[in-house]
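# Structure here, sequence nowhere to be found:
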């Protein structure tokens, strides 16, 4: 069996404050296989970006990894000293930030920034590095690459700047690329170009991708698997086609129902999930989603669910728990069936 490029096990990220310790990520586990695109999706505050920051070692103090393990190609990296992590960041893990202007220094030419990155992580002469920088710009679709090496960031459009940032992330041929909302600031047509470019480059190079976004449409077009987060916890994890077509967690069902349909009634109101994401200091007991869930029952407010098998996916919902003594009420089971949730046989029998 091929070793995962990235393996995260029981990750816990804490933020100490004067009023107590806040848990931003709570017992999160997932893998990314070589060449795979894993989408991480959820509302603002779900924990997507902080997961990416924890993986690459860029958590802002006083945030810290308080538990679990992060392994890159089998090597544990969450407990490495800062100097060692600096060698991994950029060389083995590339990062594409949401706003390209935060990644590009406005005082330096694009070519100088690319060359500096290449020379930092690879052994070659300045001439060889500049030649590679030119090839990278050509690879990401920037015309007249030789000339544009001498341009400053403000001389590029938003889409072109994002292409430069992708070139920077791929400059040292990393094993993993973390793309944090790489298309949010771009118009729709440029979004599609950037997503297609990212998929093609990573497929050609064999790099794995953690794609962080709140847009299920981007996930459906780009990812191989999807990890749905809620309040820093795993809600659902599975193949993207399965999760999009047959969501098994009530939160995922709500996210999919909130997407406008081109074929539906244009006058129909969009479905919405009641309430909002809880603050870190006010996460409810039991399942964090229970105050907003239309299928919640007594167990949901008392215990935290595991990630149970749910078809080809896994879902952290007691509707998928196989143990009979805790079966949901019949009306909840009936509503769950109507919503397309695949109940396990023992629970199905107990609820009749």
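Nice, thanks for sending it over. Everything numeric in this text was worked out from a predicted model, so none of it was measured. Numbers count the residues shown, from 1 in each chain.
# contacts, neighbours, all on C-alpha from now
Noted.
# Assess the claim that residue 283 and residue 232 are in contact.
No: counting by CA atoms under 8 Å, residue 232 is not a contact partner of residue 283; they are 9.9 Å apart.
# out of these two, which sits in the busier spot?
Regarding residue 283 and residue 232, a neighbour count based on other CA atoms under 10 Å identifies residue 232 as having more, with 26 against 16.
# contacting residues for residue 168?
Under the criterion of CA atoms under 8 Å, 6 or more residues apart in numbering, the contact list for residue 168 reads 94, 114, 117.
# And the one helix or strand the second one maps to, what's buried?
Take DSSP states H and E as the rule and residue 114 turns out to sit in helix 110-121. By 16 or more other CA atoms under 10 Å, the buried positions in helix 110-121 come out as 110, 111, 112, 113, 114, 115, 117, 118, 119, 121.
# Quick one: residues contacting the fifth one.
For residue 114, the contacting residues are 130, 133, 167, 168, 171, by CA under 8 Å, 6+ apart.
# How about the secondary structure of the residue most central in space within the chain?
Nearest to the mean C-alpha position of the chain, by CA atoms, centre = their mean, lies residue 40 at 2.6 Å. Secondary structure for residue 40, judged by DSSP: H, G, I helix; E, B strand; the rest coil, is strand.
# That one contacts residue 212, doesn't it?
Yes: judged on CA under 8 Å, residue 40 makes contact with residue 212 at a distance of 4.8 Å.
# where do the contact lists of these two overlap?
Counting by CA under 8 Å, 6+ apart, the contacts common to residue 40 and residue 212 are residue 48.
# Just to be sure, residue 193 is in a helix?
Yes: going by three-state DSSP, the assignment for residue 193 places it inside a helix.
# oh, and call the first residue 169 from now on, that's how I've got it
Got it, first residue is 169 now, which makes that one residue 361.
# And it, how close does it get to residue 206?
Counting by CA to CA, to the nearest Å, the separation of residue 361 from residue 206 is 19 Å.
# between these two, which one's more packed in?
In this view residue 361 and residue 206 are compared by other CA under 10 Å, and residue 206 has more residues nearby, 27 against 14.
# Quick one: residues contacting the more buried one.
The contact partners of residue 206, taken as CA under 8 Å, 6+ apart, are 200, 377, 378, 379, 391, 392, 393, 394, 395.
# Going by distance to residue 215, which of the contacts of residue 282 wins?
Minimum separation from residue 215 among these (CA to CA) is found for residue 336, which lies at 25.1 Å.
# helix or strand for the closest one, which one?
helix 326-338.
# what element comes up after that helix heading to the C-terminus?
Heading C-terminal from helix 326-338, the first helix or strand you meet, by DSSP H and E, is strand 344-348.
# Adjacent strands (with direction) for that following strand?
strand 261-264 (parallel), strand 376-380 (parallel) (DSSP bridges).
# what's it in contact with?
Outside strand 344-348, the residues within contact range by CA under 8 Å, 6+ apart are 173-174, 217, 220, 260-266, 337-338, 375-381.
# next one: stretch 216-234
Residues outside stretch 216-234 that contact it (CA under 8 Å, 6+ apart): 179-184, 192-193, 208-210, 238, 246, 253, 257, 261, 346, 348, 378, 380-381, 397, 400.
# Repeat that for stretch 377-394.
By CA under 8 Å, 6+ apart, the residues outside stretch 377-394 that reach it are 200, 203-212, 216-217, 220, 344-349, 363-364, 367, 370, 404-409, 411-412, 423-424.
# likewise stretch 172-179?
Residues lying outside stretch 172-179 but in contact with it, judged by CA under 8 Å, 6+ apart, are 193-202, 233-242, 343-344, 376.
# Please apply the same query to stretch 405-422.
With CA under 8 Å, 6+ apart as the criterion, stretch 405-422 contacts 387-388, 391-396, 403-404, 424, 439-441, 457, 461-463, 478, 480-485, 507-510.
# Could I get the average pLDDT for it?
Within the predicted structure, the mean pLDDT of stretch 405-422 is 95.
# residues of that stretch that come out buried?
Neighbour counts over stretch 405-422 (16+ other CA under 10 Å) mark 405-412, 414-422 as buried.
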